[in-house]
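Student: next input, structure requested:
(one chain, ligands or ions: 2)
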Amino acid sequence: MIIQFNSAISAPEKEQIAQAVAKLGYKTTEVTTQGNHYLVGIGKQEFDLRTLGHMPGIKDIHRVSDDYKLVSRKWKVGRSQMDLGDGVTIGEGKLAIMAGPCSIESEQQVALTLQHLKDNDVRIMRGGVFKPRSSPYAFRGMGVDGLKLWYKQAKEAGIKIVTEVMQVSQIAEMYDYVDVFQVGARNTQNFNLLDELGKVDKAVMIKRGISGTIEELLYSAEYVFSAGNEKLILCERGIRTYEKASRNTMDINAIPILKEKTHLPVVADPSHGIGIREFVEPVALAAVMAGADGIIYETHQQPEKAASDGQQTLDFAESALLIQKLKKAYEFLHAL
Ligand code: PEP
Ligand code: MN
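Tutor: Ligands and ions are numbered 1, 2, ... in the order given. A predicted model of the protein is given here:
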């Protein structure tokens, strides 16, 4: 059950509601997010919602049969949209395109990428400064210095930043320079990190774990939401299967399933999803047709020279073409 409190609820009213819910045998967690105040009740007993609904301090009450609650679509009318400021949004009504290199490498690379994005009317740039790499000898990112040089130019260009945070200690040092914190596939179930991101007033994009189920992704989002941050985006980026012909198996199925299960925006990452440059485009288009609210992909001025993931990275000409096709596909789908 989810109870939405009135913003002006008093302490005694809250106490009375908590007692009434406890009487039903429900365990409760109070959740205060950026703009809302909830009481989440976990229990099995059937009861008539009207027995609680009239109590002072309650704005609304909902029964949610899913085991995750706040991220479930069962209680929320409409879908959530993340507002990144300056007219940049993710979710509902508009396709969000996020593009950029796998890794931030230099001032010049950032300048070229930002120009490419501006030329194509893309408002969000991706890039990693802390890179989770399979080998410890591979390039592991420029760190906060890279983020600062990126931020300086991105702010001037009016472009938002989505970048991966790998551990709790990085949140504070990254905070001022980030618009969306990305939780990478290797960290989807880093519950300490998720808890801490729940205390942050910035959007968080959670990628699906490499071998994670759809339900586990929803639970990861529930961690962040229940810790106080409801600015959430989910990302399907392919999962590990027995198939070796592609880097990962892009789970297109996850897109309509997630959209049915959650009110949060769902985006797709075809670059990591298939891992092969020539096939990023068809997978990206398939994700749009499956209902994705956004696409995040890798592009670089010279993919063959990229410090990481060049094999799945589009050059700017390919990227420009993809952007046109994504927009057309989205328009086509929504005109049907
Ligand atoms: C990335 O976005 O570059 C990345 C490392 O993604 P993932 O966590 O999905 O592997
Ligand atoms: Mn990458």
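
Student: low-confidence ranges in the stretch 151-300 of the chain?
Tutor: Applying pLDDT under 70 to the stretch 151-300 of the chain flags no residue at all.

Student: how about the strands in it?
Tutor: Here the stretch 151-300 of the chain has its strands, by DSSP state E, counting those that start in this stretch, at 160-164, 180-183, 203-207, 232-236, 266-268, 294-298.

Student: including mean neighbour count, could those strands go into JSON lines?
Tutor: From N, CA and C alone the C-beta is placed, and that goes for glycine too. Formatted as JSON lines, those follow (neighbours: other CB atoms under 10 Å):
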{"stretch": "strand 160-164", "mean neighbour count": "24"}
{"stretch": "strand 180-183", "mean neighbour count": "25"}
{"stretch": "strand 203-207", "mean neighbour count": "25"}
{"stretch": "strand 232-236", "mean neighbour count": "27"}
{"stretch": "strand 266-268", "mean neighbour count": "28"}
{"stretch": "strand 294-298", "mean neighbour count": "27"}
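
Student: nearest to residue 114, out of these?
Tutor: strand 160-164 (10.5 Å; CB to CB).

Student: pull up the distance across stretch 264-280, start to finish.
Tutor: 24 Å (CA to CA, to the nearest Å).

Student: do that stretch and ligand 1 come into contact?
Tutor: Yes - Stretch 264-280 lies within reach of ligand 1 by CB under 6 Å from any ligand atom, at 269, 272.

Student: now the strands of the stretch 151-300 of the chain in TSV, with distance to ligand 2?
Tutor: Output for the strands of the stretch 151-300 of the chain, formatted as TSV (distance: least, CB to the ion, whole Å):
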stretch	distance to ligand 2
strand 160-164	9
strand 180-183	11
strand 203-207	11
strand 232-236	12
strand 266-268	14
strand 294-298	6
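
Student: care to break this protein down by domain?
Tutor: 2-62, 81-335 (automatic domain parsing).

Student: nearest to residue 75, out of those domains?
Tutor: domain 2-62 (3.6 Å).

Student: straight-line length of the closest one, end to end?
Tutor: End-to-end distance of domain 2-62 (CA to CA): 5 Å.

Student: taking this structure, what residue is nearest to ligand 1?
Tutor: Per CB to the nearest ligand atom, residue 184 is where the chain lies closest to ligand 1, at 3.1 Å.

Student: which residues does that residue contact?
Tutor: Listed by CB atoms under 8 Å, 6 or more residues apart in numbering, the contact set of residue 184 reads 132, 164, 166, 207.

Student: considering only those residues, which also neighbour ligand 1?
Tutor: Near ligand 1, by the rule CB under 6 Å from any ligand atom, you find 132, 207 out of the contacts of residue 184.

Student: I'd assumed residue 74 was in contact with residue 66.
Tutor: Yes - the pair residue 66 / residue 74 is scored as a contact, 6.1 Å apart, by CB atoms under 8 Å.

Student: the closest residue to residue 280 other than its chain neighbours: neighbour count?
Tutor: Of all residues not flanking residue 280 in the chain, residue 270 sits nearest, at 4.8 Å (CB to CB, 6 or more residues apart in numbering). Other residues lying near residue 270 total 31 when counted by other CB atoms under 10 Å.
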